[in-house]
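Asker: No sequence on hand, only this structure:
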């Protein structure tokens, strides 16, 4: 159980790191492209509107990428995400099959429930009541 939780959390941390690193790559690519567009637009002013339009539209996408990568709107949406996560976890718990009890064959050939520690639960209860 611990290893599964560790791996799930590790995957989430790696995914978040990659998403944040991709934002910085996106930002650098945006700055370099805008520099290229505006240096060429300075030579031909007719293309200036296209460069401004590209910068605004791409900038909105960059802003959205940063907002998601760094949870800029968690104050407004964080509670909603937490509630949705709790609902999903509850749904997964309900779908899980109940675990089987450990059984062994007794001396008389009948199945006996055995606890996680390997002792017979009925026998242990009988000792405490005796």
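Answerer: Alright, I've got the coordinates. Source: prediction; values computed, not measured.

Asker: Remind me which helix or strand residue 90 belongs to.
Answerer: Here residue 90 sits within helix 74-95, counting by DSSP states H and E.

Asker: quick check: angle from the host helix or strand of residue 57 to helix 74-95?
Answerer: For residue 57, the enclosing helix or strand under DSSP H and E is helix 48-69. What separates the directions of helix 48-69 and helix 74-95 is an angle of 50 degrees, with axes from the mean of the first three to the mean of the last three C-alpha atoms, to 10 degrees.

Asker: Report the mean per-residue pLDDT for the lengthiest helix in the chain.
Answerer: Taking residue count as the measure and DSSP state H as the definition, the longest helix of the chain comes out as helix 2-43. Per-region confidence: helix 2-43 scores 89 on mean pLDDT.

Asker: helices or strands up against that helix?
Answerer: Other helices and strands packing on helix 2-43, by 3 or more C-beta pairs under 8 Å, 6 or more residues apart in numbering; DSSP states H and E, are helix 48-69. The way it works is simple: take the backbone N, C-alpha and C, and place the C-beta from them, glycine included.

Asker: what packs against the helix it packs on?
Answerer: Counting contacts by 3+ C-beta pairs under 8 Å, 6+ apart, helix 48-69 packs against helix 2-43.

Asker: Go ahead and measure how far the helix it packs on is from the middle of the chain.
Answerer: Using C-alpha atoms, centre = their mean, to the nearest Å, we find the averaged C-alpha position of helix 2-43 to lie 17 Å away from the chain's own average C-alpha position.

Asker: Equivalent analysis for stretch 34-44, please.
Answerer: Centroid separation between stretch 34-44 and its chain, computed with C-alpha atoms, centre = their mean, is 40 Å.

Asker: same thing with stretch 105-115?
Answerer: Using C-alpha atoms, centre = their mean, the mean C-alpha position of stretch 105-115 is found 43 Å from that of the whole chain.
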